[in-house]
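**Q** Please work out how this folds:
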Amino acid sequence: MKARHQGIDLFRIIAALMVVAIHTFPFNSLSPFLDEMITLTLFRVAVPFFFMTTGFYLIAPYANNKSYYYGEKIKQFLLKISKIYLLVVLLYLPLSILNGTISSKTTLLEWLKLLILDGTLYHLWYFPGIIVGTLLVFYLLRYVTFNHVFFLSIALYIIGLLGDSWYGIIKQIPLLAKIYDKLFEISEMTRNGLFFTPLFLCLGAYLYLERQKERRGVKELSLFFLITIAMMLVESIFLHHLFVVRHDSMYLLLPVVMYFLYLLLLNWQPKLKIKQVQNLSLLIYIIHPLVIVVVHTISNKLTFMKFSLLYYLLVVVGSYILSRLLLSIFKQKDKIKETSYRAEREISTNAVKHNIKEIKKMIPQKTEIIAVVKANAYGADLVEYAKILEKNQVTFFAVATIDEGIKLRKTMIKGDILVLGLTDLLRAKELIKYDLIQSIVSEEYGRMLNHKKLNIRCHVEVDTGMHRLGVEADIDVITRLYQLSFLRIEGIYSHLGSSDSLDSVSKIRTEKQLSVYCHLLNELKERRINYGVTHIQSSYGILNYSEYEFDYVRAGIMLYGFFSSDEPTARQISLKPVMKIKAKLISKRWVKAGEILGYGNQTVLEKERLIGVISIGYADGLPRSLSNNGFKVEYQDYLLPQVGKVCMDMMLIDLTQVEKIQLSEEVTVMSDFTEIALLDDTITNETMSQLGNRLTTTVTY
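**A** Now for the predicted structure:
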């Protein structure tokens, strides 16, 4: 969470404690009027606060940008909260039966009413409330503007208000009384996901979208907050003492109070920071009724515990301790999962940050990085690596296939994603659904894509001399593509075929490609065609042709801390390898001289050796050609020779110099991929991209 929202974080706990108070009436032994004013009026800000927080962080980004990423975040939230709701319903099922809410006579319709509107226990209404409210707002935002949804939510709140604290007034109007009586047959209260939740979701979203326009300082906001609080207290006294209040969750002034309260919380910077605050507040909310049952049972024996304030404090302390205990158990389970692996890739975030910083030194200030993460991010784990990059302000990614792009979207990568390869026209709709940018790899392909009559984001790939993919480098052909009705062409790029070498033939070819590309850009400019962003340099283009300036560079192998080969470059760059491959020792035994190791008959021991087996093989991406080829793995300060043939799932190593090594200890199998590529007579790109999908991923910081 960003520091400017620490106030929101801390208030999560305060709001959870307010909810506990609403269910225990802490001031009742002192004065029922205090509970009426504080617990049933002031503390009613708690649940709207949680709704507004969901609106602020979840609804607002989608209202501002209806992309796949933000829509998927809402769907994931709904799925998560629905699972929690189901578990909590099961947890409290015995209590629901004991208090008579549920019985063998409960009909299917009554079950649906309880699950969708009222909740199966008094505090569980929050879950269907947030689910139904979020679904409603999310669905409406797909078809109408945020302002329309906001105004509708106000209307729904007013309808709900008249069936809540203001019911005593409208009950005196026979027609309205009949309407609300019918409404209460469907839902016991109007405090639900239809009437109550949407307004506060929208209010939170509104503050996210418009808070920059708020010019009032903290003192002025505090004054307005106190005034509106006082007015809401007057409203509460008026309603409670002059009319019959059906319920008191909804007040006319409550949304106004919440507006100023939330603005104050956004400006609040408390020094106190609570770990796992979001999960802690949720657990307190879920667990406290169980603690209430325990405290209530004990207080029947120890009557002094019935003193309301003590009763409340015992429930709070019990709920907090139990919640912390559960969080500790969950954390321990996560640690067990983290340490359980067979063979893994270890990604260093510090190395990634370093490489980004070094690349930025090599490119013009206004030029940005497109991170090439195709082929499972060169074996470095597509999803995890993209997440690290995005956290470090890399917001544009390039992949080879639509499926790689979809995988990134489904794992909540929100930056732009360019598909470098051809996408089957049958999957054109998926490009829109997942907000992907498609490369136009030929004029014919561009026309066929346009024929789909879909508003697809595109970059034109130009064949400037590599003769692989790309549109013919003809200004008229490219102009016609830009004139197609349905394609949203946002950029134009090409690829250099020989930028990794500095010999004369390679330099002539590369300079020619760059000349063709620049000439096309000038011609498009002369024709007043907005050609969008530009990019042609990949890793070696950055180092060998840095004098050329375009909007983006496509950083590939260099981003991972390696070069494709040991070819010299025009400019030097300090890179750090981002990845190591590790495996565990799963067996060790002494093997006598004269014995044959592994497959085949080629490896015969001349002396007795301590032979170990580590849990990695060629199915994990370790080249089989490394067998008996001088390859060594690392253990502490030792280099341990590989022996025998590399197997599909295992590899033999000589442990004779480290007899004390224990089973399950880890060894580093691959760290210098360029060296391994040389042993395998290939390039680093191939060695890395062949890493298998059985490897787990660990990220170090």
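**Q** in the stretch 101-250 of the chain, which spans are strands?
**A** In the stretch 101-250 of the chain, no strands are defined using DSSP state E, counting those that start in this stretch.
**Q** can you list the weak-confidence ranges in it?
**A** Across the stretch 101-250 of the chain, nothing is flagged by pLDDT under 70.
**Q** so where do the helices sit in it?
**A** 108-113, 126-141, 146-162, 167-170, 174-186, 197-210, 218-242 (DSSP state H, counting those that start in this stretch).
**Q** Quick check on the closest residue to A570 other than its chain neighbours: phi, psi?
**A** The shortest distance from A570 to any non-neighbouring residue, by Cβ to Cβ, 6 or more residues apart in numbering, is to N544 (4.6 Å). From N, CA and C alone the C-beta is placed, and that goes for glycine too. Dihedral pair for N544: phi -100, psi -20, per degrees, to the nearest 10.
**Q** for L652, same thing?
**A** phi -90, psi 140.
**Q** And the residue nearest to A570, how far from A155?
**A** 64 Å (Cβ to Cβ, to the nearest Å).
**Q** F486 now?
**A** On the measure of Cβ to Cβ, F486 and A155 end up 38 Å apart.
**Q** returning to what we had before: kindly compare burial across the helices of the stretch 101-250 of the chain and name the winner.
**A** Stretch with highest mean neighbour count among those: helix 197-210 (a mean of 24; mean count of other Cβ atoms under 10 Å).
**Q** got the CA coordinates for it in CSV?
**A** Only the C-alpha atoms of helix 197-210 are listed here, as CSV (Å, rounded to 0.1, in the frame of the first residue of the first chain):
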residue,chain,number,x,y,z
THR,A,197,-23.9,-0.8,-1.0
PRO,A,198,-23.8,0.8,-4.4
LEU,A,199,-23.8,4.4,-3.2
PHE,A,200,-20.7,3.9,-1.0
LEU,A,201,-18.9,1.9,-3.7
CYS,A,202,-19.6,4.9,-6.1
LEU,A,203,-18.7,7.4,-3.4
GLY,A,204,-15.3,5.7,-2.9
ALA,A,205,-14.8,5.6,-6.6
TYR,A,206,-15.7,9.2,-7.0
LEU,A,207,-13.1,10.2,-4.4
TYR,A,208,-10.5,8.2,-6.3
LEU,A,209,-11.4,9.9,-9.6
GLU,A,210,-12.0,13.4,-8.4
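**Q** quick one: it to helix 126-141, angle?
**A** Taking axes from the mean of the first three to the mean of the last three Cα atoms, to 10 degrees, one finds that helix 197-210 is oriented at 60 degrees with respect to helix 126-141.
**Q** on contacts alone, who are the packing partners of helix 197-210?
**A** Packing partners of helix 197-210 (3 or more Cβ pairs under 8 Å, 6 or more residues apart in numbering; DSSP states H and E): helix 46-54, helix 60-64, helix 126-141, helix 146-162, helix 254-267.
**Q** ok, S587 touching L610?
**A** No: assessed by Cβ atoms under 8 Å, S587 is found out of contact with L610, at 11.0 Å.
**Q** For those two, indicate the residue with more neighbours.
**A** More crowded of S587 and L610, by other Cβ atoms under 10 Å: L610, with 16 against 12.
**Q** and that one, helix, strand or coil?
**A** Put simply, L610 is strand when judged by DSSP: H, G, I helix; E, B strand; the rest coil.
**Q** Make CSV from the helices and strands packed on helix 197-210 and add distance to L313 to it.
**A** Formatted as CSV, the helices and strands packed on helix 197-210 follow (distance: least, Cβ to Cβ, whole Å):
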stretch, distance to L313
helix 46-54, 18
helix 60-64, 37
helix 126-141, 23
helix 146-162, 33
helix 254-267, 25
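**Q** So which of the ones you listed is nearest G405?
**A** Nearest of these to G405, taken as Cβ to Cβ: helix 60-64 at 20.2 Å.
**Q** quick one: terminal-to-terminal distance for stretch 363-370?
**A** End-to-end span of stretch 363-370 (Cα to Cα, to the nearest Å): 12 Å.
**Q** I meant stretch 266-273, not that one.
**A** Note: stretch 266-273 ends 15 Å apart using Cα to Cα.
**Q** go on, stretch 560-574?
**A** Distance across stretch 560-574, first residue to last, is 12 Å (Cα to Cα).
**Q** and if you look at stretch 560-567?
**A** End-to-end distance for stretch 560-567: 17 Å, by Cα to Cα.
**Q** Could you tell me which residues within it count as buried?
**A** Going by neighbour count (16 or more other Cβ atoms under 10 Å), the buried part of stretch 560-567 is Y560, G561, F562, F563, S564, S565.
**Q** OK, contacts around the residue nearest to the fifth one when sequence neighbours are not counted?
**A** Once its chain neighbours are removed from consideration, S564 has its nearest residue in I683; the separation is 4.5 Å (Cβ to Cβ, 6+ apart). Going by Cβ atoms under 8 Å, 6 or more residues apart in numbering, I683 touches S564, S565, A677.
**Q** Quick one: which of those has the lowest pLDDT value?
**A** For the contacts of I683, the weakest pLDDT value sits at S565, with 84.
**Q** do you know how far that one is from P623?
**A** 16 Å.
**Q** Mind exporting the C-alpha coordinates of stretch 373-386 to PDB?
**A** Output in PDB follows, covering the C-alpha atoms of stretch 373-386 (Å, rounded to 0.1, in the frame of the first residue of the first chain):
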ATOM      1  CA  VAL A 373       9.300 -11.700 -22.400                       C
ATOM      2  CA  LYS A 374       8.600 -14.300 -25.100                       C
ATOM      3  CA  ALA A 375       9.500 -18.000 -24.700                       C
ATOM      4  CA  ASN A 376       8.500 -17.900 -21.000                       C
ATOM      5  CA  ALA A 377      10.600 -14.800 -20.500                       C
ATOM      6  CA  TYR A 378      13.700 -16.500 -21.900                       C
ATOM      7  CA  GLY A 379      13.100 -19.300 -19.400                       C
ATOM      8  CA  ALA A 380      12.900 -16.900 -16.500                       C
ATOM      9  CA  ASP A 381       9.100 -17.500 -15.800                       C
ATOM     10  CA  LEU A 382       6.900 -15.300 -17.900                       C
ATOM     11  CA  VAL A 383       4.500 -14.300 -15.200                       C
ATOM     12  CA  GLU A 384       6.800 -13.800 -12.300                       C
ATOM     13  CA  TYR A 385       9.400 -11.900 -14.400                       C
ATOM     14  CA  ALA A 386       6.700  -9.600 -15.900                       C
END
